[in-house]
Structure formats: C-alpha cells, structure tokens
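Undergrad: sequence and predicted structure, then a few things I'm wondering about:
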Amino acid sequence: MKTILFVDDDPFIVQVYQRALQHGGFRVEVAEDGLSAMKILLQLCPDLVVLDVLMPKVDGTYVLKFIRSRSELKNTKVIVLSEAVNADAGKGIPALNPDRVFLKSQATPKELIKVARELLGEPAPPEGADK
C-alpha cells in the first residue's frame, strides 16, 4: 500500500481528502503545518506528498524546497493543492517542479485519487469499484 503525506492546516479539507484517499486504497498520514511535515518526511519517506502552500510555522514552498534538496526525498512525488499558487506566496512553486498543481476550489477528491494513482503507477480500480 502506497503512503501519502497530506499537509494542510484546514481540518475540514484534511478530513474530506484523508477519507477519500484511504477509501481509494492509500495509507494517509497527516501534518497540520510545514514544520511537522518536514519531521514526518524524514521519518516516513512517503510515496507522495499532497501539499498546501499557506500554512503556519513553515509554508509549503519551503517544504517543497526541503523535499527537492534531500537526496532521500528528491524523487518523492508532490501534488500542490492550494489556492495560493496564484498568489505571491506561491510564485516560487513552479520552479520547484511539483508533479501536479491543483487549485483547491477546482479539485475534487476523485480527481486527486486519479492523479495520485497515475503518479504512483497504481492501477485504477475495476469499473464501478470506487462508487
């Protein structure tokens, strides 16, 4: 089972996506801020990180720089899921080569699961299995 680290400080967003990703067949760990995320990353080495940009303590841009700078993490797949990608806080995100970028307002849990499976080389479930 592939492991996803979901990093977001909004409890509602975390609950919705964590439940959906678990239902989609993934093990999901959660970090509520960037500092916690970096600690978990070093212990866990997840297969995929779903990352918000605007967070307390350490922002998502710094976490993505951290991931890309560490030899043991640099190949970790990263999906940025944030409204801030269009704001000043997210301007540096494209240069850090996230694997995908989604606006929260335009993404759905089903779409995130599909992209996570694609990035991780996981097969899609049999037709009708994810309803």
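TA: Perfect, thanks for sending it. Numbering: from 1, shown residues only.
Undergrad: contacts, neighbours, all on C-alpha from now
TA: Will do.
Undergrad: isn't I79 right up against L103?
TA: No. With contact defined as C-alpha atoms under 8 Å, I79 does not count as touching L103 (10.6 Å).
Undergrad: for the protein, what spans make up the strands?
TA: Under the criterion DSSP state E, strands of the chain are mapped to 3-7, 27-31, 48-51, 77-81, 100-102.
Undergrad: neighbours of the residue lying closest to V14 once chain neighbours are set aside, how many?
TA: Leaving aside its chain neighbours, V14 sits nearest to D8 (6.4 Å; criterion: C-alpha to C-alpha, 6 or more residues apart in numbering). Counted with other C-alpha atoms under 10 Å, residues neighbouring D8 total 26.
Undergrad: how close does D8 sit to G60?
TA: From D8 across to G60, the span is 9 Å (C-alpha to C-alpha, to the nearest Å).
Undergrad: tell me, what's touching the two both at once?
TA: Shared contacts of D8 and G60, defined by C-alpha atoms under 8 Å, 6 or more residues apart in numbering, comprise 51-52.
Undergrad: just list whatever residues bridge to the most centrally placed residue in the chain.
TA: The centre of the chain sits closest to V50, judged by C-alpha atoms, centre = their mean, with a distance of 0.4 Å. Note on V50: beta-bridge partners by DSSP bridges are F6, I79.
Undergrad: wait, it touches L81, no?
TA: Yes. With contact defined as C-alpha under 8 Å, V50 reaches L81; the gap is 6.5 Å.
Undergrad: rewinding a little: export the strands of the chain as JSON lines, with columns for distance to K39.
TA: Output for those, formatted as JSON lines (distance: least, C-alpha to C-alpha, whole Å):
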{"stretch": "strand 3-7", "distance to K39": "11"}
{"stretch": "strand 27-31", "distance to K39": "9"}
{"stretch": "strand 48-51", "distance to K39": "13"}
{"stretch": "strand 77-81", "distance to K39": "16"}
{"stretch": "strand 100-102", "distance to K39": "23"}
